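K.L.:
With the sequence up front, the predicted model follows.
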Amino acid sequence: MPIRFYNTLTHKLEEFVPLSAGSHAADPFLGAHVRMYTCGPTVYDYAHIGNFRAFLFADVLRRYLELRGARVRQVMNMTDVGHMTDDQVADGAGRDKLELAVERMRESKKAGQALVENPNDPYQVAEFFIMAFLEDARALGLAVVADRDQAASETEKERIMPRPTRHIPEFIGQIQDLLARSHAYVGDDGVVYYDVGSFANYGRLSGNSIERLSHGAGGRTNQLAAKRHPADFFLWKPDPTHLMRWPSPWGEGYPGWHVECSAMALTILGPSLDIHTGGEDNIFPHHECEIAQAEGATGKCFARFWMHARHLMVNGEKMSKSKGNFFTIRDLTEQGYDPLVIRWALIRSRYRESLNFTLPSLREAAEAIASLRDLAEKTSLVVTGVDEAAGEGDFVPFGAAPAPHEPPLEKADAAMLDEFNRAMDDDLNTSAALAALFTWADPLSKQKKIAYPQARSALLALRRVDHVLGVIFAPLRPLPAALQHQIETLMEQRNQARREKDFARGDQFRARLAELGVEVTDTPSGSRWRPRLAPA
RNA sequence: GGCCGGAUGCCCGAGCGGACUAAGGGAGCGGAUUGCAAAUCCGUUUUUCGUGGGUUCGAAUCCCACUCCGGCCUCCA
């Protein structure tokens, strides 16, 4: 089955074929190597759910390609150089955003919250938010962070989630290449500018033309005397007073903000990528400029596919800081929502549709996940019992491709996977893929008893789809030991009350447990509890 | 001003010319079951796809107009 993605570059759906296909003629994805670059977060503040929607879209894309048998090398940057507040004039005016973060930090230190040792040090501030980002991203199951965590060395980690401040020499190298190939020039003001007129394809990605850019009513291009064209943007700006600055052939200063991704992607992944992803707001100017830089410097096609996630809305409105309607992951987990619920809510509909985020949608997500996790538990219990008895304790290969010794799936399970794949092949139609999953899961969930062969097959099928979804087998947040103990005591007290037929007292304990975020169910074999995925 | 998307049943969300009295998820209400719950079952909120025209044997799906919402046009994922 061919995979089709919407390619922003060509403005249409296209069949996706990896540049380095595998050796299986029948299926280009088996054993293929896919190189993918994901525009990551800026780290002068906590990332919010809107940012994570874009990262999770890339994660689902990557995991789906893995499910189809490809090996994906994904790189995601963490932008630790300060973009400028007045970047809209493309000339590096205004204040450095990292400088503003430093100021916020200094103020919060005054207020008694010492988040970093030295709030005047931009590197410490960036480091703080990088750590916060990694923590949130782990909780949400971003595979690229797992790659990083498992990397053997600091150098290897840096090649998976690079930070621009550690790659300045490469930026300078790229700028030199652009100067050498006459795509850039040094203006009378000493600033190095990209010459958009020298790159014929400038505007292809965003559907802009250079004329329109300079004449549109909203166009904020800025004619500086030093620039050849108003749309020219800066690559290096000498400024010996800037907060973060590095030596360069053009004087001490700082790089333009489009340089980082093109330079890091090229040095880490090579001149041609399979896929480059980001949020829709990256299309212009960021990705447009990246293409101009990378292709200007190498003369080769930079990325075959450009894929962009639409923006997340909150309660029907655009999310923005001025409206105060944005959530961070920690805002939501503190309210009692499990990160898996957030993951589900952000991936359950297709990346190219704008998604409206609401708290009720998190509750929906909790219910949906719970039913799938219940099915996973039900089938696991059967399989574990039998396989342990048969001395096959090491069963359950967790991963995308089926293990060689794996038995064939039952017909219904294979059919579900086919349908799941067919939906995902259609430009990652996750809604339709989930429909296939639930349609299949429903009768199994209702079945009172599942025999071993059926349970084993169903479990394998669930593990495959969960390689993409990442919410069925992922562990829940661990409970603090003290809380765990408290819960068990309350359970015992409740059981005691129920044994004495004092149901009123028993129900009080259940209410207490509910307040602790625990849900109790009574079964013929005794009472059980489990953490709620969303607050009551 | 220019260029793009979108409007689907109580809510969310697939479908994009016939299998649609619309997949799937969630919610409400009534009943069965339960000490009470949870889960499950039965019934219900649903001949309905923003509005008005048109094309067609046939339209949620194509065309035109209108209304509303959202995005981009050098801050943003």
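P.N.:
Arrived safely.
K.L.:
drop to CA atoms for contacts and neighbour counts, all remaining ones
P.N.:
Fine.
K.L.:
Which strands or helices does the longest helix seen in chain A pack on?
P.N.:
Counting by DSSP state H, the longest helix found in chain A is helix A:359-389. The contact analysis (3 or more CA pairs under 8 Å, 6 or more residues apart in numbering; DSSP states H and E) places helix A:359-389 against helix A:339-347, helix A:430-446, helix A:452-469.
K.L.:
any idea which helix or strand carries A:W529?
P.N.:
Under the criterion of DSSP states H and E, A:W529 resides in strand A:526-531.
K.L.:
Can you point out the buried residues in that strand?
P.N.:
For strand A:526-531, a neighbour-count test (16 or more other CA atoms under 10 Å) marks A:P531 as buried.
K.L.:
next one: that strand to chain centre, how far?
P.N.:
33 Å (CA atoms, centre = their mean, to the nearest Å).
K.L.:
Stretch A:124-142 too?
P.N.:
Here stretch A:124-142 is found 12 Å from its chain centre; the criterion is CA atoms, centre = their mean.
K.L.:
returning to that earlier point: for the helices and strands packed on helix A:359-389, give me CSV that also has mean neighbour count, mean pLDDT and distance to A:A376.
P.N.:
Shown next, in CSV, are the helices and strands packed on helix A:359-389 (neighbours: other CA atoms under 10 Å; pLDDT from 0 to 100; distance: least, CA to CA, whole Å):
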stretch, mean neighbour count, mean pLDDT, distance to A:A376
helix A:339-347, 24, 95, 15
helix A:430-446, 17, 94, 9
helix A:452-469, 22, 92, 6
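K.L.:
and stretch A:362-370, average pLDDT?
P.N.:
Taken as a whole, stretch A:362-370 has a mean pLDDT of 93.
K.L.:
Could you list the buried residues of it?
P.N.:
Those would be A:L362, A:R363, A:A365, A:A366, A:E367, A:I369, A:A370, for stretch A:362-370 by 16+ other CA under 10 Å.
K.L.:
now the second one, nearest residue through space, not along the chain?
P.N.:
Spatial nearest neighbour of A:R363, chain neighbours left out: A:A534 (6.0 Å); criterion: CA to CA, 6 or more residues apart in numbering.
K.L.:
residues contacting the one you found?
P.N.:
Neighbour list for A:A534: A:G336, A:Y337, A:D338, A:V341, A:L362, A:R363, A:A366, A:G517 [criterion: CA atoms under 8 Å, 6 or more residues apart in numbering].
K.L.:
what do you get if the cut-off is 6 Å, keeping everything else the same?
P.N.:
Shown in contact with A:A534 (CA atoms under 6 Å, 6 or more residues apart in numbering): A:G336, A:Y337, A:R363.
K.L.:
How much space separates it from A:I342?
P.N.:
Computed with CA to CA, to the nearest Å, the distance linking A:A534 and A:I342 is 10 Å.
K.L.:
Next, the contact list for A:L273, please.
P.N.:
Per CA under 6 Å, 6+ apart, neighbours of A:L273: A:R35, A:A303.
K.L.:
Quick check: it vs A:L372, distance?
P.N.:
36 Å.
K.L.:
Check the buried residues of stretch A:362-370 one by one and keep those near RNA strand B.
P.N.:
Filtering the buried residues of stretch A:362-370 for proximity to RNA strand B by CA under 7 Å from any atom of the strand leaves A:R363, A:A365, A:E367.
K.L.:
Out of those, which comes closest to A:Y64?
P.N.:
A:A365 (20.5 Å; CA to CA).
K.L.:
hey, what's the one residue in the stretch 251-400 of chain A that gets nearest to RNA strand B bridged with?
P.N.:
Minimum separation of the stretch 251-400 of chain A from RNA strand B (CA to the nearest atom of the strand) falls at A:G279, amounting to 2.3 Å. Counting by DSSP bridges, A:G279 is bridged to A:A309.
K.L.:
That one is in contact with A:H308, isn't it?
P.N.:
Yes: A:G279 is in contact with A:H308 according to CA atoms under 6 Å; the separation is 5.0 Å.
K.L.:
ok, residues contacting stretch A:145-165?
P.N.:
With CA under 6 Å, 6+ apart, stretch A:145-165 has contacts from A:V75, A:M76, A:N77, A:M78, A:T79, A:E260.
K.L.:
The first one should be in a strand, yeah?
P.N.:
Yes: with the criterion set as DSSP: H, G, I helix; E, B strand; the rest coil, the secondary structure at A:V75 is a strand.
K.L.:
so who does it touch?
P.N.:
Going by CA under 6 Å, 6+ apart, A:V75 touches A:Y37, A:I160, A:M161.
K.L.:
Give the helix, strand or coil label for the residue nearest to A:R363.
P.N.:
coil.
K.L.:
Where does A:A25 sit, in terms of helix or strand?
P.N.:
Residue-wise, A:A25 maps onto no helix or strand under DSSP H and E.
K.L.:
Quantify the burial of it by counting its neighbouring residues.
P.N.:
For A:A25, the count of nearby residues is 9 (other CA atoms under 10 Å).
K.L.:
Could I get the phi/psi values of it?
P.N.:
In terms of degrees, to the nearest 10, the main-chain angles of A:A25 are phi -60, psi -40.
K.L.:
do you know how far A:L476 is from RNA strand B?
P.N.:
Going from A:L476 to RNA strand B by CA to the nearest atom of the strand, to the nearest Å gives 18 Å.
K.L.:
now that residue, what's its secondary structure?
P.N.:
coil.
K.L.:
contacting residues for it?
P.N.:
Contacts for A:L476 (CA under 6 Å, 6+ apart) come out as none.
K.L.:
Mind pulling up the pLDDT for it?
P.N.:
Reported pLDDT for A:L476: 89.
K.L.:
Just name the shakiest helix or strand of chain A by mean pLDDT.
P.N.:
Least confident helix or strand of chain A, by mean pLDDT, DSSP states H and E, is strand A:84-86 with a mean of 62.
K.L.:
after that strand, next one along is what?
P.N.:
strand A:93-96.
K.L.:
Following element in sequence after that following strand, please.
P.N.:
helix A:97-110.
K.L.:
which residues in the stretch 151-300 of chain A form helices?
P.N.:
A:154-160, A:168-180, A:210-215, A:259-269, A:288-298 (DSSP state H, counting those that start in this stretch).
K.L.:
buried sites along the second one?
P.N.:
Applying a neighbour-count criterion of 16+ other CA under 10 Å, the buried positions in helix A:168-180 are A:I168, A:E170, A:F171, A:I172, A:Q174, A:I175, A:Q176, A:D177, A:L178, A:L179.
K.L.:
Report the buried residues of stretch A:275-287.
P.N.:
Buried residues in stretch A:275-287, counted by 16+ other CA under 10 Å: A:I275, A:H276, A:T277, A:G278, A:G279, A:E280, A:N282, A:I283, A:P285, A:H286, A:H287.
K.L.:
before we move on, what about stretch A:23-37?
P.N.:
Residues A:D27, A:P28, A:F29, A:L30, A:G31, A:A32, A:H33, A:V34, A:R35, A:M36, A:Y37 are the ones in stretch A:23-37 that count as buried (16+ other CA under 10 Å).
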